[in-house]
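J.: based on what follows, work out the 3D shape:
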Amino acid sequence: MPPVEKVPDTVSDTVPETVPETVPDTVSETGIVGEAVRGRFPVFERKVYVNSCSQGALSDAVRAAYEEYLAGWDEHGAEWEHWVERAEAARAAFAGLLGAQPDDVAIQTSVSAAVSALVSALDLSGERNRIVISENEFPTIGQIAHAQELRGAEVVQVAPEPETYAAEIDERTALVCSTLISYRTGAVHDVQAIYALAREHGALMLVDGYQGIGAIPLDAADAGDVVVGGTVKYLLASAGLAFMTCRPGLVTELLPTQTGWFADENVFEMQIEHYRPHRSARRFDAGTPPVPNIYAGVAGVGLIAEAGVPAIAAHVSGLVERLVAGLDELGADVAAPPCGPLVCVRSTDAAALVRALADDDIVASERDSSLRVSLHLYNTADDVDAVLAALVRQRPLLVRARDS
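T.: Residues are numbered from 1 along each chain as shown. I've put the predicted structure just below:
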């Protein structure tokens, strides 16, 4: 651990002088980022919320969606026809977000379930049995990959740069995995370059977009053969709902052995005589869909669509620029160049730093000895300034850039 820097008696609680003077709170033509949308998220009445990398803030729209579900359940009991329609609305919403077609989108309860269904369709018993993952993957990907060793897979872990992937991807490779944004460092992976390497050798490319979808633009066709994500973070809904987007034509090449009754070609025929996977990506669906979470998910994605991901990305980029300028003035060290919504600030005691910020009514999180500050459409320059002022007060808990 680097030595703790003594705090001068003259340190103030103000933001460092080099922070840009202004960051627009609205950058979209609809004016629904920053202050314009903030009132829809009650947490900001009492907190500075910069923890979208763990859980998006609760909106009035998502709360109302849950109430709609409960009201329908109370009045009608099992509303299966409407529930199935809501699931299809979610499928269409995810497709629109990623430039895909609804028939190429599967609905699942988590990324873990989606990826498990995907790998169940891979034949890993022959020469093409290699799975290449990066050291920045979320545990979901790493643990599922290593579980396939029981089926004959060879798992190779690499640094996240394209050149390190290139050294390990070859004709033995069945699956290449890359996160879009590292949950540990905030690093943005060059998934397009990695995808090109996978295509060159005939391997399938899986992108875990959970830490970026909704905050940065992503076209599924450019990113990989399969893109997975969920609603608990930047899509502003709750846990229990995820999606998997497949490139056109891929689903007919894959037969998952992990399945459920909603993956059948005719769900309500209720047959038990045959395995009949749906012709579309619905073959990667599972059992009874997570109906309450689908209501919330449709509402959350609706907020993102209303603002527009390009507008959100531009707004967040300005806030991140302001935050990084302040961190530079403090001499703080960041875990990776901040190119997305997540900035990881290295700390001598990240858990203590999170607690100290919580005492100032700032909600953040920590991973791998770093404070995680994640910004979204509802954050403002005032939020950034509040974080920086708190870090001035907690300077002994920051790793200095020159000590890293």
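
J.: wait, is Thr245 part of a helix?
T.: No. Residue state for Thr245 (DSSP: H, G, I helix; E, B strand; the rest coil) corresponds to strand; a helix is not indicated.

J.: what is the burial count for it?
T.: Neighbours of Thr245 under the rule other Cβ atoms under 10 Å: 32. C-betas here are computed from N, CA, C, even on glycine.

J.: heads up, I number from 33, so please use that
T.: Taking 33 as the first residue, the last one we looked at is Thr277.

J.: so who does it touch?
T.: Residues near Thr277 by Cβ atoms under 8 Å, 6 or more residues apart in numbering: Phe126, Ala127, Leu130, Ala132, Asp136, Val137, Ala138, Ala252, Val258, Val259, Val260, Ala313.

J.: please apply the same query to Ser210.
T.: 165-166, 169, 192, 197, 221, 223, 226, 237-240, 256.

J.: list just the nearest of the residues you listed to Gly329.
T.: Closest to Gly329 out of the contacts of Ser210 is Asp240 (17.8 Å), distances taken as Cβ to Cβ.

J.: the closest one and Phe170 touch, don't they?
T.: Yes. The pair Asp240 / Phe170 is scored as a contact, 6.1 Å apart, by Cβ atoms under 8 Å.

J.: quick one, strands of the stretch 133-282 of the chain?
T.: 137-140, 162-166, 186-190, 205-211, 236-240, 258-262, 274-278 (DSSP state E, counting those that start in this stretch).

J.: comparing Asp240 and Phe170, which residue is more hemmed in?
T.: A direct count of neighbours by other Cβ under 10 Å for Asp240 and Phe170 places Asp240 higher, at 32 against 16.

J.: got the contact list for the nearest residue to the more buried one once chain neighbours are set aside?
T.: Excluding its sequence neighbours, the residue lying closest to Asp240 (Cβ to Cβ, 6 or more residues apart in numbering) is Thr211, at 4.6 Å. Going by Cβ under 8 Å, 6+ apart, Thr211 touches Ser166, Asn168, Glu169, Phe170, Ile173, Pro192, His221, Val239, Asp240, Gly241, Tyr242, Gln243.

J.: one more time with 7 Å, if that's ok
T.: With contact taken as Cβ atoms under 7 Å, 6 or more residues apart in numbering, Thr211 is in contact with Ser166, Asn168, Glu169, Phe170, His221, Asp240, Gln243.

J.: what about it, distance to Phe76?
T.: Distance, Thr211 to Phe76, using Cβ to Cβ, to the nearest Å: 29 Å.

J.: can I get the strands of the stretch 133-282 of the chain in TSV with distance to Val80 and mean pLDDT?
T.: Conversion of those to TSV gives the following (distance: least, Cβ to Cβ, whole Å; pLDDT from 0 to 100):
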stretch	distance to Val80	mean pLDDT
strand 137-140	33	97
strand 162-166	32	98
strand 186-190	36	98
strand 205-211	27	98
strand 236-240	28	98
strand 258-262	25	98
strand 274-278	28	98
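
J.: who wins for proximity to Ala346 among those?
T.: strand 258-262 (20.7 Å).

J.: between the closest one and strand 274-278, how big is the angle?
T.: Orientation of strand 258-262 against strand 274-278 (axes from the mean of the first three to the mean of the last three Cα atoms, to 10 degrees) gives an angle of 160 degrees.

J.: what's the spacing between stretch 213-226 and its chain's center?
T.: Taking Cα atoms, centre = their mean, to the nearest Å, one finds stretch 213-226 lying 11 Å from the centre of the chain it belongs to.

J.: same check on stretch 410-420?
T.: 21 Å.

J.: show me where the stretch 33-182 of the chain has its helices.
T.: Taking DSSP state H, counting those that start in this stretch, the helices of the stretch 33-182 of the chain run over residues 67-70, 92-108, 112-130, 143-151, 171-179.

J.: which of the ones you listed is buried the deepest?
T.: helix 143-151 (a mean of 23; mean count of other Cβ atoms under 10 Å).

J.: Arg308: how many residues sit nearby?
T.: Quick note: Arg308 (other Cβ under 10 Å) scores 14 neighbours.

J.: what sits against the closest residue to it other than its chain neighbours?
T.: Excluding its sequence neighbours, the residue lying closest to Arg308 (Cβ to Cβ, 6+ apart) is Glu297, at 4.5 Å. By Cβ under 7 Å, 6+ apart, the residues touching Glu297 are Arg308, Pro309, His310, Arg311.

J.: please state the backbone phi and psi of the last one?
T.: For Arg311, the backbone dihedrals are phi -70, psi -20 (criterion: degrees, to the nearest 10).

J.: looks like Leu287 contacts Arg311 (just checking).
T.: No. When contacts are counted by Cβ atoms under 7 Å, Leu287 is not listed as touching Arg311 (11.8 Å).

J.: domain assignment for the protein?
T.: The chain breaks down into these domains under automatic domain parsing: 67-91+340-435, 110-338.

J.: tabulate those domains in CSV, adding columns for distance to Ala97.
T.: Output for the domains of the chain, formatted as CSV (distance: least, Cβ to Cβ, whole Å):
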stretch, distance to Ala97
domain 67-91+340-435, 9
domain 110-338, 4
